[in-house]
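>>> This is a predicted model, with the sequence first.
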Amino acid sequence: MMHEKDFDICVVGGCGHVGLPLAIAFARAGIDVVVFDVNPVAVESVNSGTMPFKEPQGPELLNEVRANGSLHASTDPSVVARSNAVVVVVGTPVDEHLNPDPHAVPLAVEQLAEHFREGQLLVLRSTVYPGVTRLVEEVVDRLGLGIDVAFCPERIAEGKAFTELYSLPQIVSGRTDSAVKRASELFSRLTSEIVVVSPEEAELAKLFTNTWRYIKFAAANQLYMIANEHGLDFERIRHAITYEYPRAADMPGAGFAAGPCLFKDTMQLAAFNNNNFTLGHASMMVNEGLPLYLVDRMERRFDLKNSTVGILGMAFKAESDDIRSSLSYKLRRILRFKAGTVLCTDPYVTVDADLVPLDEVLERADILVVAAPHPEYRDLDPVQETIDVWNVLGRGVTV
Ligand SMILES: NC(=O)c1ccc[n+]([C@@H]2O[C@H](COP(=O)([O-])OP(=O)(O)OC[C@H]3O[C@@H](n4cnc5c(N)ncnc54)[C@H](O)[C@@H]3O)[C@@H](O)[C@H]2O)c1
C-alpha cells in the first residue's frame, strides 16, 4: 500500500545505482522519500527491502528506511505530483556510435509534465551533456508553472555511496536565487559543504571530474605499456615514483579503466567540443586498447589457439557486481576469437549465465588473466601463468 500523505522528495530513476543510495540517504535524514522508476522489477525489489544491486551498507540502510516508513518506491508517475521536490537521476548513456543523447533528461521530465505542480523544486542529478539544464528549463517554462530548476551533479563512486554522499562537497547550480537556496538547503541535509556555480559551470565541472580521472588512468596505462614493451615491471617503477613523493602520490596503477561513467563522460565532453578533444580521444584509445594489448602480448608468449584461458573478474571494478561497460567483456570477446577455450568467473556478478566457479577455472585453465582486482584473488597462488596487470597477486605486472 502506498502512503496516503504527500512526500518531501520524489527521486525519478531512484532504483538505479546512484538514485537509490541518494533516496536512502535522504530518507535517513528524516525526509519522506518516494522513488519513481520505470523498472517494475527494481521497484518491487526495493519495496520488499532488497537492494537491486550491490552497494556496501545498502541492505542494512534500505531495511532501516523501509522499516521506519520513510522510503517507498513506485512505478506510478503520479507520485511526482505528491512531492515537494523532484530529483531526476535517470541514466544518460552515449549510443553505440558514442553520441550523447541531450534529450534523455528533458524527455524524462516532459513525460512527467502532467504531474508537475506549482512551486516544486526540480533538481537534475544525472550527468548531462552541457546545455541540458537550459533545455529542461525550456520544458518547464512551457508548463507555465513556478518551478525552481537546479542542476546538482552526483559525484559519488559506486561502492562508496554511503560514505561519499555525506563527505563530498555538493555542487549546486541554478539560474535563480530561489533555486540555489532551495537546492542548497536540501543537500545541506546530507553534507556540510556546498559549492555554488552557474548551471553551465556545473555541467562542465561534472564532466571534467570524470574526464580528469579517465585521463589519469590512460597515462598510467600508457606508461605501463611502454615499460612492458621494454621488459620492465611498471609496478616497480610506479613504486619508485610515488614512494614518499607527494607530487606523484595519486598516480594510479595500470588496469582496466571502464564502467558506465568515465568513458561515456569523456565522449560527451568530446562531442560537446565538436570532437576537438585530443587528450580525451587519446585516453580512449589507450584505455579501451588495453585488453587487445594484453592479448597481443599473450599471443607472443603462448600457444593461445590451443590454450584454455581463465578470466578472473568480470565486473568493471573491484568488489562490484556491475558489468556495465566492463572491459573484461571486451577481453572475453577478443580471447574467444584468439584462444582455444575461455572460462570466466566472478564472485559478485549474478547476471551472466556463462560464468563458472573459480575452482573450475583454476582447475581447467592453462593461463589466467586477472581482469577485475577483486580482493578474493589476493590470496591465490595459481600454478599456471597469470597475467595480472593490477598486481593483485603481488608477483609483478609484466606480460
Ligand atoms: N553509476 C555511477 O557510479 C554514477 C556516478 C555519478 C553519476 N552518475 C550518473 O547518474 C545517472 C544515473 O546513473 P546510474 O548508474 O544510476 O544508472 P542506472 O541505469 O543504474 O539507473 C537509472 C535508473 O533510472 C530508471 N529510469 C530510466 N528512465 C526513466 C524514466 N524516464 N523515468 C523513471 N525512471 C527511469 C532506470 O529504470 C534505472 O533504475 C547517469 O547520468 C550517470 O552518468 C552515475
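Structure's in. What do you need?

>>> How many residues are close by the residue of the chain found nearest the ligand?
Residue of the chain nearest the ligand, by C-beta to the nearest ligand atom: residue 16 (1.9 Å). For glycine as for every other residue, the C-beta is placed from the backbone atoms N, C-alpha and C. As a burial measure, residue 16 scores 23 neighbours (other C-beta atoms under 10 Å).

>>> For it, give me its contacts.
37, 42, 89, 90, 91 (C-beta atoms under 8 Å, 6 or more residues apart in numbering).

>>> so which of those is the most crowded?
So for the contacts of residue 16 (other C-beta under 10 Å), the most neighbours sit at residue 89, 27 neighbours.

>>> okay, it: pLDDT?
Note for residue 89: predicted pLDDT of 98.

>>> got the contact list for it?
The contact partners of residue 89, by C-beta under 8 Å, 6+ apart, come to 11, 12, 13, 14, 16, 18, 19, 22, 125, 126, 154.

>>> Of those residues, which is the most crowded?
Going by other C-beta under 10 Å, residue 11 tops the contacts of residue 89 with 32 neighbours.

>>> For that residue, which non-adjacent residue is spatially closest?
residue 23 (4.3 Å; C-beta to C-beta, 6 or more residues apart in numbering).

>>> So which residues on the stretch 51-200 of the chain come close to the ligand?
89, 90, 91, 92, 108, 111, 126, 127, 154, 156, 157, 158 (C-beta under 6 Å from any ligand atom).

>>> you'd agree residue 159 is up against residue 320?
Yes. Counting by C-beta atoms under 8 Å, residue 159 touches residue 320, with 5.8 Å between them.

>>> So which of those two has more stuff around it?
Using other C-beta under 10 Å, the more surrounded residue of residue 159 and residue 320 is residue 320, with 24 against 19.

>>> residues contacting that one?
54, 158, 159, 348, 372.

>>> redo that, cut-off 7 Å
54, 158, 159, 348 (C-beta atoms under 7 Å, 6 or more residues apart in numbering).

>>> ok, now residue 91?
Per C-beta under 7 Å, 6+ apart, neighbours of residue 91: 13, 16.

>>> for the residue of the chain closest to the ligand, helix, strand, or coil?
Here residue 16 is coil, with the state taken from DSSP: H, G, I helix; E, B strand; the rest coil.

>>> any idea of the pLDDT on it?
97.

>>> Residue 202 versus that one, what's the distance?
Computed with C-beta to C-beta, to the nearest Å, the distance linking residue 16 and residue 202 is 20 Å.

>>> Pull out the buried positions in the lengthiest helix in the chain.
The longest helix of the chain (DSSP state H) is helix 199-229. Applying a neighbour-count criterion of 16 or more other C-beta atoms under 10 Å, the buried positions in helix 199-229 are 199, 202-204, 206-207, 209-211, 213-225, 227-228.

>>> Of the residues of the stretch 51-200 of the chain next to the ligand, which belong to helices?
Using DSSP H, the members of these that fall in helices are residue 108.

>>> In JSON lines: the residues of the stretch 51-200 of the chain next to the ligand, plus distance to residue 74.
What follows is these, written out as JSON lines (distance: C-beta to C-beta, whole Å):
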{"residue": "89", "distance to residue 74": "16"}
{"residue": "90", "distance to residue 74": "15"}
{"residue": "91", "distance to residue 74": "19"}
{"residue": "92", "distance to residue 74": "22"}
{"residue": "108", "distance to residue 74": "15"}
{"residue": "111", "distance to residue 74": "15"}
{"residue": "126", "distance to residue 74": "20"}
{"residue": "127", "distance to residue 74": "25"}
{"residue": "154", "distance to residue 74": "21"}
{"residue": "156", "distance to residue 74": "24"}
{"residue": "157", "distance to residue 74": "28"}
{"residue": "158", "distance to residue 74": "24"}
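
>>> among the residues of the stretch 51-200 of the chain next to the ligand, which two are most distant?
111 and 157 (29.2 Å; C-beta to C-beta).

>>> count of neighbours near the closest residue to residue 302 other than its chain neighbours?
Spatial nearest neighbour of residue 302, excluding adjacent residues (C-beta to C-beta, 6+ apart): residue 367 at 5.8 Å. Neighbour count for residue 367, taken as other C-beta under 10 Å: 20.

>>> What values do phi and psi take at residue 367?
Main-chain dihedrals, residue 367, degrees, to the nearest 10: phi -130, psi 140.

>>> Pull the contacting residues for residue 346.
313, 314, 315, 355, 372.

>>> and residue 359, how many neighbours does it have?
Neighbours of residue 359 under the rule other C-beta under 10 Å: 9.

>>> Which strand or helix spans it?
Following DSSP states H and E, one finds residue 359 within helix 358-364.

>>> hang on, the earlier thing: can I get the contacts of residue 320 in JSON lines with pLDDT and distance to residue 393?
JSON lines is the format used below for the contacts of residue 320 (pLDDT from 0 to 100; distance: C-beta to C-beta, whole Å):
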{"residue": "54", "pLDDT": "96", "distance to residue 393": "24"}
{"residue": "158", "pLDDT": "96", "distance to residue 393": "25"}
{"residue": "159", "pLDDT": "96", "distance to residue 393": "22"}
{"residue": "348", "pLDDT": "98", "distance to residue 393": "19"}
